[in-house]
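Visitor: model this:
(one chain, ligands or ions: 1)
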Amino acid sequence: MRGKLTVGNWKMHGGLAENAGRLAALAGGWRAQAGRGLAVCVPFPYLAQARDALAGGEVGWGAQDVSAHAAGAYTGEVSGAMLADFGCRFAIVGHSERRQYHGERDEAVGAKARASLAAGVTPIACVGETLAERDAGTTGEVVERQLRAVIDALGADLPRIVVAYEPVWAIGTGRTATPDQAQQVHAALRGRLERAGARDVPILYGGSVKASNAAALYAMPDVDGGLVGGASLDAGELLAIARS
Ligand code: PGA
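Guide: Predicted coordinates for the structure are as follows:
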C-alpha cells in the first residue's frame, strides 16, 4: 500500500540562522509513523546543514534540482553524485519554475531524472499545466506529454521515482486545486504510470498546500502526499501537513 509522503520545497529562501531553527523544529517534532514520510528540499549551500541537523532522524532531505550530467565542464551545475555525498534522498526535477525561468524542456527533465536515479537519489518529477492550458482544456495532454518524457528516459527504473502534480496556476497563488480537480489529474497520471508498469509510484500534489487543506487533498485515493512550497517555511505548518 502507498503511504503519504510530504516534501517541503524551501525554494530560494533561508539562511544559516533561520534554517537552524526550522530544521531543529522538524527534527524534534517528527516521529516515525507507519506509512508517513517527511522530507525537505533545501537550497544547495544548505545541504550540509540539513544533513547535520537531520542525520539519524526520521526527516529526509534533498535538493531542488540536479544536473543531467554525471561530471565535467558544466559551470554552476551540481551532480547527482554530489547530492548523494550529502545524503540527499530526493532531488526535485522539472519544477515549473525551472521550466519557466530556465527554459527546461521535457527531455532535459527526463535526463535529470535519470542522472539523479543513477546516483541513488530519488527524483521527484514535476508536471503541471498553466492556467491558459487548463482553460483551453489541454491539462490531460500537457501532463501526459511531460510525464511521457520521464517514462521514456527511465525505462525499467520508472518504479523508483516520485511524481508531483503541480498545476502552475496553484503555485504560490493561494489558489489550490480542489481535491476533486487534483484527484482527476492524479488518476490520469496513475493510469499512464500503470501502463508503463509503475502503478505504485507515489504521486504528490503541489500548489498552495497548507495545514487547512491538506487533509481533504490527502483523502483522495490517488493523492499520495504533497510537495509544499510557501507553507514549508513554517516548520509547525509543515509538520501539521505531514500528519494530515
Ligand atoms: P506553493 O509551492 O506551496 O508555495 O504553492 C509549491 C511548489 O512550488 O512546489
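Visitor: how about stretch 158-170, which residues are buried there?
Guide: Neighbour-count burial for stretch 158-170, with 16 or more other Cβ atoms under 10 Å as criterion, is recorded at L158, I161, V162, V163, A164, Y165, E166, P167, V168, W169, A170. To be clear about C-beta, it is placed using only N, CA and C from the backbone, and glycine gets the same treatment.
Visitor: where along the chain do the strands fall?
Guide: For the chain, the strands defined by DSSP state E cover 4-9, 36-41, 59-63, 90-93, 122-127, 162-165, 203-206, 225-228.
Visitor: kindly reformat these as TSV containing mean pLDDT and distance to the ligand.
Guide: Formatted as TSV, the entries for the strands of the chain read as follows, by pLDDT from 0 to 100; distance: least, Cβ to the nearest ligand atom, whole Å:
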stretch	mean pLDDT	distance to the ligand
strand 4-9	98	4
strand 36-41	98	9
strand 59-63	98	12
strand 90-93	98	8
strand 122-127	98	7
strand 162-165	98	7
strand 203-206	98	4
strand 225-228	98	5
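Visitor: nearest to L239, out of these?
Guide: Closest of the strands of the chain to L239 is strand 36-41, at 7.6 Å (criterion: Cβ to Cβ).
Visitor: now the closest one, how far from the centre of its chain.
Guide: Here the centre of strand 36-41 is set off from its chain's centre by 10 Å, with Cα atoms, centre = their mean, to the nearest Å.
Visitor: against which helices or strands is it packed?
Guide: strand 4-9, helix 16-29, strand 59-63, strand 90-93, helix 235-242 (3 or more Cβ pairs under 8 Å, 6 or more residues apart in numbering; DSSP states H and E).
Visitor: could you redo these as a markdown table and give each row distance to A132 and mean neighbour count?
Guide: Output for those, formatted as a markdown table (distance: least, Cβ to Cβ, whole Å; neighbours: other Cβ atoms under 10 Å):
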| stretch | distance to A132 | mean neighbour count |
| --- | --- | --- |
| strand 4-9 | 24 | 26 |
| helix 16-29 | 35 | 16 |
| strand 59-63 | 30 | 24 |
| strand 90-93 | 23 | 28 |
| helix 235-242 | 29 | 22 |
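Visitor: which of the buried residues of stretch 158-170 lies closest to R36?
Guide: V162 (14.6 Å).
Visitor: what's the closest non-adjacent residue to that closest one?
Guide: Nearest residue to V162 in three dimensions, chain neighbours excluded: I124, at 4.5 Å (Cβ to Cβ, 6 or more residues apart in numbering).
Visitor: dump the residue contacts of that neighbour.
Guide: When contacts are counted by Cβ atoms under 8 Å, 6 or more residues apart in numbering, I124 touches 7, 41, 62, 90-93, 161-164, 204, 227.
Visitor: which one among these gets closest to P179?
Guide: Each of those was checked against P179 using Cβ to Cβ; the closest is L204, at 13.9 Å.
Visitor: so what's the residue count around that closest one?
Guide: 24 (other Cβ atoms under 10 Å).
Visitor: which of the buried residues of stretch 158-170 sits closest to A136?
Guide: W169 (12.5 Å).
Visitor: pretty sure that closest one contacts T130?
Guide: Yes: using Cβ atoms under 8 Å, W169 makes contact with T130 at a distance of 6.6 Å.
Visitor: show me what the spatially most central residue of the chain is bridged to.
Guide: With distances taken as Cα atoms, centre = their mean, the residue of the chain nearest its centroid is I124 (4.4 Å). Applying DSSP bridges to I124 gives these bridge partners: I92, V162.
Visitor: what separation is there between it and V7?
Guide: 6 Å (Cβ to Cβ, to the nearest Å).
Visitor: need the residues of this protein near the ligand, please.
Guide: 9, 166, 171-172, 206-209, 227-231 (Cβ under 6 Å from any ligand atom).
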